[in-house]
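Undergrad: Quick one, what's the 3D model for this:
(one chain, ligands or ions: 1)
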Amino acid sequence: MSGRPRVVLGVGGGIAAYKACEVLRRLTESGHHVRVVPTEAALRFVGAATFEALSGNKVHTGVFSDVPEVPHVRLGQEADLVLVVPATADLLARAAHGMADDLLTGTLLTARCPVLMVPAMHTEMWEHPATRANVATLRERGTVVTEPASGRLTGADTGKGRLADPAEIVDLARLLLHRGDALPRDLDGVRVVVSAGGTREPLDPVRYLGNRSSGKQGYALARTAAQRGAHVTLVSAHTLALPEPAGVDLVRAGTALQLRDAVHAAAEHADVVVMAAAVADFRPVAAAEYKIKKTERDPDPVALTRNPDVLAELVTARGNGKLPADQVIVGFAAETGDSGADVLDHARAKLRRKGCDLLVVNAVGEGKAFETEDNAGWLLAASGAERPIALGSKAQLATEVWDAVVGLLKR
Ligand code: CTP
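TA: Sure, this is the predicted structure:
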């Protein structure tokens, strides 16, 4: 891809069309060249002037404007990504049937780049057999159709059908632009558990022992697995304010012990468990019932006790037949290296010690990995295979982890 990535942003006629403006703003601000192609119906929700001002480009909906430029062919041919936000039931149907009755559907037919459709509609419409069939057809053909989020819909309704969070949409769009290809549906039906974030071990009602994990890597793992077709349970400890990944079951856990219980429960029926959470190795022996006053305690360190090693426990439980024998277990290691050994030496020893199938190794310290957008590292397999992971977004790293997991799944 040379120059600025070219994105066609199709906007369908649904109430979530206003959220396409946020997606557009994020894309243009991060250096993408965006042409917005709304449907006629979309313009009843958001005016063309908004899309033109935010994109810096003219907006057309029909095939009869700028005819000499043949935009219905050109836009699709020249795009690096076609992104549809929101994809309504009607748009999904027209796309699945290869219709070309407006500029957007014409563009979808001529596009040879990745196509990402982000649905939003009422639960009944999403669950209707016609929509299910259209989504299946589009996915079979390589279009990435995300799962809608659950929550408040138009009016008083709640349920599945909300548009995914704009930040999440842009993250996925960037991943597809980077790959230049659709995400494979190679985790279809696979049951995945991902733990994310950092645990907090309470000292008293207001203080805790915590760590700097943002949760971004674990959330990226959950999100990309769901996009590849997996049923995902995300066990989330404390994170920065992150959008809930659409189409994922979210279980909250605060402390190491809570996270352990939630992971074990979900792992019972899982094909894959990925421990991306930063679990505190120690916790205060007892949390004070009331806020500790400085006059009450001398500056001695708080008495601590060891937390269970959840990852090691999972491996043991699999060995004892308490978890599925062919379950794939993935660990993470954040290493700094020290005078005695480098990052990889520590990681190889950790892989042996933990007994998991894959270990994702991040070099940390000096601003690397924690709270950043990008990650790099190595992927070490129990088989002895080792390969570096180039610096890239956390979603890119996540896809490399899933590529390796797919190779280990016994199906
Ligand atoms: N982990 C876990 N339970 C713990 C600590 C860590 O399940 N109590 C998991 C993490 O989720 C991660 C992996 O173990 O997948 C490695 O975590 P790390 O903190 O690097 O490993 P430790 O065993 O704590 O090793 P170290 O001696 O380097 O602290």
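
Undergrad: Near the ligand, which residues of the stretch 301-411 of the chain are found?
TA: Counting by C-beta under 6 Å from any ligand atom, the stretch 301-411 of the chain comes close to the ligand at Asn307, Asp309, Val310, Leu311, Gly331, Phe332, Ala333, Ala334. The way it works is simple: take the backbone N, C-alpha and C, and place the C-beta from them, glycine included.

Undergrad: The closest residue to Glu22 other than its chain neighbours: how many residues sit nearby?
TA: What sits nearest to Glu22 in space, not counting adjacent residues and going by C-beta to C-beta, 6 or more residues apart in numbering, is Pro166, at 4.1 Å. Close neighbours of Pro166, defined as other C-beta atoms under 10 Å, add up to 21.

Undergrad: which residues touch Pro166?
TA: Lys19, Glu22, Val23, Arg26 (C-beta atoms under 8 Å, 6 or more residues apart in numbering).

Undergrad: ok, which stretches of the stretch 1-150 of the chain are helices?
TA: 17-29, 48-55, 71-78, 89-96, 103-110, 123-127, 129-140 (DSSP state H, counting those that start in this stretch).

Undergrad: mind putting the ones you listed in TSV, mean neighbour count and distance to the ligand included?
TA: As requested, the helices of the stretch 1-150 of the chain are exported to TSV (neighbours: other C-beta atoms under 10 Å; distance: least, C-beta to the nearest ligand atom, whole Å):
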stretch	mean neighbour count	distance to the ligand
helix 17-29	20	31
helix 48-55	17	41
helix 71-78	18	43
helix 89-96	22	38
helix 103-110	22	41
helix 123-127	15	34
helix 129-140	15	31
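
Undergrad: Report the separation between Val11 and the ligand.
TA: Distance of Val11 to the ligand, given as C-beta to the nearest ligand atom, to the nearest Å: 40 Å.

Undergrad: got the domain boundaries for this protein?
TA: The chain breaks down by automatic domain parsing into domains covering 6-179, 191-406.

Undergrad: quick check, distance from the first one to the centre of its chain.
TA: Spelled out, it's domain 6-179. Taking C-alpha atoms, centre = their mean, to the nearest Å, one finds domain 6-179 lying 19 Å from the centre of the chain it belongs to.

Undergrad: what distance separates the start and the end of that domain?
TA: Using C-alpha to C-alpha, to the nearest Å, one end of domain 6-179 lies 14 Å from the other.

Undergrad: residues contacting the residue in the stretch 101-250 of the chain that the ligand sits nearest to?
TA: Closest to the ligand within the stretch 101-250 of the chain is Ser195: 6.3 Å, counting by C-beta to the nearest ligand atom. Residues near Ser195 by C-beta under 8 Å, 6+ apart: 218, 234-237, 253, 259, 263, 273-277, 279, 310.

Undergrad: Where strands are concerned, which of those count?
TA: Here DSSP state E is the test, and the contacts of Ser195 give Leu234, Val235, Ser236, Val273, Val274, Met275 as lying in strands.

Undergrad: Now tabulate the domains of the chain in JSON lines and tack on mean pLDDT and distance to Arg185.
TA: Below are the domains of the chain laid out as JSON lines (pLDDT from 0 to 100; distance: least, C-beta to C-beta, whole Å):
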{"stretch": "domain 6-179", "mean pLDDT": "95", "distance to Arg185": "6"}
{"stretch": "domain 191-406", "mean pLDDT": "92", "distance to Arg185": "4"}
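
Undergrad: Next, the residues that contact stretch 243-254 from outside, please.
TA: 146-149, 162, 164-165, 167-168, 195, 199-200, 219, 222-223, 226, 231-238, 259, 261-263, 266.

Undergrad: Only the buried members of these: can you turn that into a PyMOL selection?
TA: Typed into PyMOL, the line below selects the buried ones among these, using 16 or more other C-beta atoms under 10 Å:
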select buried, resi 146+147+148+149+162+164+165+168+195+199+200+219+222+223+226+231+232+233+234+235+236+237+238+259+262+263+266
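
Undergrad: got the contact list for Phe282?
TA: Glu201, Leu209, Leu304, Thr305, Arg306, Asn307.

Undergrad: if we go to 10 Å?
TA: Listed by C-beta atoms under 10 Å, 6 or more residues apart in numbering, the contact partners of Phe282 are Glu201, Leu209, Ala256, Val302, Ala303, Leu304, Thr305, Arg306, Asn307.

Undergrad: Repeat that for Val144.
TA: Contacts here follow C-beta under 10 Å, 6+ apart; on that basis Val144 touches 83, 114-118, 138, 172-173, 175-176, 181-185, 227-228.

Undergrad: Put the buried members of those into a PyMOL selection.
TA: One line in PyMOL is enough to select the buried ones among the contacts of Val144; burial here means 16+ other C-beta under 10 Å:
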select buried, resi 83+114+115+116+117+118+138+172+173+175+176+182+183+184+227+228
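
Undergrad: Which of the contacts of Val144 fall in strands?
TA: Per DSSP E, these map to strands at Leu83, Val115, Leu116, Met117, Val118.

Undergrad: what two of these are the furthest from one another?
TA: Farthest-apart pair in these is Val115 and Val118; separation 11.0 Å (C-beta to C-beta).

Undergrad: any shared contact partners between those two?
TA: Joint contacts of Val115 and Val118 (C-beta under 10 Å, 6+ apart) are Leu83, Val84, Val144, Val145.

Undergrad: The second one bridge partners, please.
TA: The bridge-partner assignment for Val84, based on DSSP bridges, gives Gly10, Met117.

Undergrad: give me the element the most centrally placed residue in the chain is part of.
TA: Residue closest to the average C-alpha location in the chain (C-alpha atoms, centre = their mean): Arg223, at 2.6 Å. Using DSSP states H and E, the element containing Arg223 is helix 216-227.

Undergrad: Alpha carbons only: can I get that helix in PDB?
TA: This file holds the C-alpha atoms of helix 216-227, laid out as PDB (Å, rounded to 0.1, in the frame of the first residue of the first chain):
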ATOM      1  CA  LYS A 216      -5.600  -4.000  25.800                       C
ATOM      2  CA  GLN A 217      -3.800  -7.100  24.700                       C
ATOM      3  CA  GLY A 218      -6.300  -9.400  26.300                       C
ATOM      4  CA  TYR A 219      -9.200  -7.500  24.800                       C
ATOM      5  CA  ALA A 220      -7.600  -7.600  21.400                       C
ATOM      6  CA  LEU A 221      -7.200 -11.300  21.700                       C
ATOM      7  CA  ALA A 222     -10.900 -11.700  22.700                       C
ATOM      8  CA  ARG A 223     -12.100  -9.400  19.900                       C
ATOM      9  CA  THR A 224     -10.000 -11.100  17.100                       C
ATOM     10  CA  ALA A 225     -11.000 -14.600  18.300                       C
ATOM     11  CA  ALA A 226     -14.700 -13.600  18.100                       C
ATOM     12  CA  GLN A 227     -14.100 -12.200  14.600                       C
END
